[in-house]
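Engineer: let's see this in three dimensions:
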Amino acid sequence: MPPPARCPLSPQSGIDEVAPRPSKRMGVRRGRLDSSLFHMLVLVCALSQVLFVGLVTGQTAQLSVDASSQNGRTIPDKMFGIFFEELNHAGAGGLWAELVSNRVQVTGFEAGGINTPSNIDPWLIIGDESNIIVETDRSSCFASNPIALRMEVLCGATGTNACPSGGVGIYNPGYWGMNIEKTKVYKVSMYIRSSDSVDLAVSLTSSDGLQNLATHTITAEKGDFAGWTKVEFDLQSSERNTNSRLQLTTTKNGIIWFDQVSVMPSDTYMGHGFRKDLATMLANLKPRFLKFPGGNYVMGNYLLNAFRWSETIGPWEERPGHFNDVWNYWTDDGLGFFEFLQLAEDLDACPVWVINDGASLNEQIPSATIAAFVKEVVDGIEFARGDPKTTWGSVRAAMGHPEPFPLYYISVGNQECSKPYYKEKYVKFYSAIKASYPDIKIISSCDISSISAVNPADLYDVHVYTSSGDMFSKTRMFDSTPRSGPKAFVSEYAVTGNDAGRGTLVAALAEAAFLIGLERNSDVVEMASCAPLFVNDNDRGFSPDAIVFNSWQHYGCPNYWMLHFFKDSSGATLHPLTIQVSNYDQLAASALTWQNSNDGNTYLKIKVVNFGNKAVNLNIAVAGLENGIQEFGSIKTVLTSGWLRDENSFQQPDKVVPAASPITNAGEQMGVIVDPYSLTSFDLLLDTNTDKYPLLESSFHSSM
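Structural biologist: Now for the predicted structure:
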């Protein structure tokens, strides 16, 4: 949008400062010149204001809301949630706060492969081949993680073969640099073995090793570390460096083996290992469910690399990890099945587990031999929900969570309805799960047309990836859906293509219109979540995404902020409305009443997407309210920007974010202006005999 015409000067401006000095030869009085110029400027101002107002009021529309309780309908209480998939380094190097890459506290140096010697990437040596040799071998004490790192130091502290100043050793750069903050404490853990005496410096330094942030020295007499020994300690940083590394150095001749090297911030979300800033971004959306762990990640390109829940639980040191062959990086499974359940609990969200049903993108287990996969899933449910005295419930309890997790949703497979054997196998999973846990809702990969008495489902999975224009049109996607039968779970939706960019305003507006359509059809749509959720800026395997981050920064894309307009929809009361407008089909709207849990106030929220290039003079009429609208305390929140393809960035994280302001003419009849290409929410404070008035950010509480 071009900027509105503005007066070059206001009547209060210093006209003397801008008026040309009169020529003495002309003999014109200065006062007359100033007066003429003033009237000319007033005329210019008036004309420009007329032109601007004409633009603003170029389109008129009537929006009528029936807010009577008898005609309202409750939106499902788990309507809007989030979907996490391990891609774009969303977990490894992202939400999971572990700072060491290959390998963390959970397994050793397995990312290089099972053969030895192997690649130790991203570990690198400090020194050269004349004073240090580093390789992997199969000496680990963990049967599931046999690979360890062997470091042979050829130089010594003194003499002709003295080590370089500062010693020699190895270092790990983390995931594109470690963010080390001043005064913060970092928990370091590692396993060490050596038949020699040990004098090892463990340091957090700058990426070039020149700035020392914190050091701990490990010393041991000969024989003290003859067997694998776990060493744990804290490092407190004296400075901040967003591109740091962990280094292990010595000036002592000998051989040392390392395994399970970990650096974790002591300050994580809820103390459960999640990066605090990123988890807080999720919590601010108030998600009602968390679908995990994928996506294609669940399947793998090959079953060898599929997500297997039972290999991601228990002590971290004993988790083998696996290669994420779909998105092409190693995952240590520190963020495993237990952690996903814990994250859902921390977010007060219902877990939705996507199971592997014996299929990868390139392989398929025949139905006749699927029994083992079925049993594994039933065992996984027991791990989540079983009594601590059960076989798998006791494993969960041993991990520190004796109370069951509320797992009530299972999604069978991922976009697999067209694959051979899927329907036949699906019935076996469905029957086995329902036999043991009849209260679990099962989600099918098939659409509603394929679901029947012989192929039953509680919900069916829907994925929508399309252009912004088509996404806007899909606001009516479910209008003609049969009102009986299983409900839709729109678990993946996103605007993709040229106008999506890396997360644009126009994409967010199209998705908002789509979600308004889901609200309107929430009698046949039970749940919805966007995809993908996270992207590490250093590994953009899929774009656009809702939240962008690197080792120390993060920001929400426009569609992340768009989701804030819907975080109060779950469980709210939806009201019917009509829009009357001539020759303009670019509006989508919904109306609902919701209660702010922070202050107890009740609001009538009217959301309007204007997907066109005309400002709309919108006349709102509300009928049927049991309580009137208060004169003060109502809020208008707008998401828009100067250009359709505006994006947020690390340099401008707030370029496209919601802006809130008070509504001065709140009432059951009110005229408002809806900007072109915008999402606007009118939160009208209802009179419920309360003296409490909200802050401007009421409907976006704790959103920043």
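
Engineer: tell me how far the ends of stretch 641-654 are from each other?
Structural biologist: Distance between the two ends of stretch 641-654: 11 Å, counting by C-alpha to C-alpha, to the nearest Å.

Engineer: buried residues in that stretch?
Structural biologist: Residues of stretch 641-654 classed as buried: 641, 644, 645, 646, 647, 648 (neighbour count, 16 or more other C-beta atoms under 10 Å). Every C-beta, even on glycine, is put in place using the N, C-alpha and C of the backbone.

Engineer: how near is the last one to residue 657?
Structural biologist: In this case it means residue 648. 7 Å (C-beta to C-beta, to the nearest Å).

Engineer: and for the fifth one?
Structural biologist: Here the criterion is C-beta to C-beta. By it, residue 647 lies 12 Å from residue 657.

Engineer: check the third one too.
Structural biologist: Residue 645 sits 16 Å away from residue 657, going by C-beta to C-beta.

Engineer: cool, the fourth one as well?
Structural biologist: Residue 646 sits at a distance of 11 Å from residue 657 (criterion: C-beta to C-beta).

Engineer: what sits against the residue nearest the centre of the chain?
Structural biologist: Taking C-alpha atoms, centre = their mean, the centroid of the chain lies closest to residue 533, which sits 3.8 Å from it. Neighbouring residues of residue 533 by C-beta atoms under 8 Å, 6 or more residues apart in numbering: 82, 83, 84, 85, 90, 282, 545, 546, 547.

Engineer: in TSV: those residues, plus secondary structure.
Structural biologist: What follows is the contacts of residue 533, written out as TSV (DSSP: H, G, I helix; E, B strand; the rest coil):
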residue	secondary structure
82	strand
83	strand
84	coil
85	coil
90	coil
282	helix
545	coil
546	coil
547	strand
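
Engineer: from those, which single one is nearest residue 214?
Structural biologist: Proximity of the contacts of residue 533 to residue 214 (C-beta to C-beta) peaks at residue 90, which lies at 28.2 Å.

Engineer: all strands for the stretch 1-150 of the chain, in order.
Structural biologist: Listed from the start of the chain, the stretch 1-150 of the chain has strands (DSSP state E, counting those that start in this stretch) covering 59-66, 73-74, 82-83, 124-126, 132-137, 148-153.

Engineer: adding distance to residue 340, mean neighbour count and mean pLDDT, write those strands out as TSV.
Structural biologist: Formatted as TSV, the strands of the stretch 1-150 of the chain follow (distance: least, C-beta to C-beta, whole Å; neighbours: other C-beta atoms under 10 Å; pLDDT from 0 to 100):
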stretch	distance to residue 340	mean neighbour count	mean pLDDT
strand 59-66	40	18	97
strand 73-74	29	14	98
strand 82-83	12	25	98
strand 124-126	32	16	95
strand 132-137	30	19	92
strand 148-153	28	21	94
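
Engineer: who touches both of residue 648 and residue 657?
Structural biologist: Joint contacts of residue 648 and residue 657 (C-beta under 8 Å, 6+ apart) are residue 556.

Engineer: report the rounded mean pLDDT for stretch 300-317.
Structural biologist: Across stretch 300-317, pLDDT averages out at 95.

Engineer: ok, stretch 605-613 next?
Structural biologist: Rounded mean pLDDT across stretch 605-613 is 98.

Engineer: which of the residues in it are buried?
Structural biologist: Neighbour-count burial for stretch 605-613, counted by 16+ other C-beta under 10 Å, picks out 605, 606, 607, 608, 609, 610, 611, 612.

Engineer: can you tell me how far the third one is from residue 305?
Structural biologist: I take that to be residue 607. In terms of C-beta to C-beta, residue 607 sits 42 Å off from residue 305.

Engineer: thinking again about what came up before, which one of the strands of the stretch 1-150 of the chain lies closest to residue 211?
Structural biologist: Across the strands of the stretch 1-150 of the chain, closest to residue 211 is strand 124-126 (C-beta to C-beta), at 14.7 Å.

Engineer: returning to that earlier point: list just the nearest of the buried residues of stretch 641-654 to residue 290.
Structural biologist: residue 648 (23.9 Å).

Engineer: isn't residue 365 up against residue 299?
Structural biologist: No - the pair residue 365 / residue 299 is not scored as a contact, 11.6 Å apart, by C-beta atoms under 8 Å.

Engineer: the more surrounded of the two?
Structural biologist: residue 299 (27 against 18; other C-beta atoms under 10 Å).

Engineer: neighbours around the residue nearest to the more buried one when sequence neighbours are not counted, how many?
Structural biologist: Distances taken as C-beta to C-beta, 6 or more residues apart in numbering place residue 360 nearest to residue 299, at 4.8 Å, with adjacent residues excluded. When neighbours are counted by other C-beta under 10 Å, residue 360 registers 20.

Engineer: now residue 623
Structural biologist: Using other C-beta under 10 Å: residue 623 sits among 12 other residues.

Engineer: same question for residue 312.
Structural biologist: Neighbours around residue 312, by other C-beta under 10 Å: 24.

Engineer: and it, what does it touch?
Structural biologist: 319, 333, 336, 337, 338.

Engineer: which of those fall in helices?
Structural biologist: Among the contacts of residue 312, the ones falling in helices (DSSP state H) are 337, 338.

Engineer: what mean pLDDT does stretch 572-592 get?
Structural biologist: Across stretch 572-592, the per-residue pLDDT values average to 97.

Engineer: brain fart, stretch 449-458
Structural biologist: 92.

Engineer: which parts of it are buried?
Structural biologist: For stretch 449-458, using 16+ other C-beta under 10 Å, the buried residues are 450, 451, 455, 457, 458.

Engineer: between which two of those residues is the distance greatest?
Structural biologist: 450 and 458 (14.4 Å).
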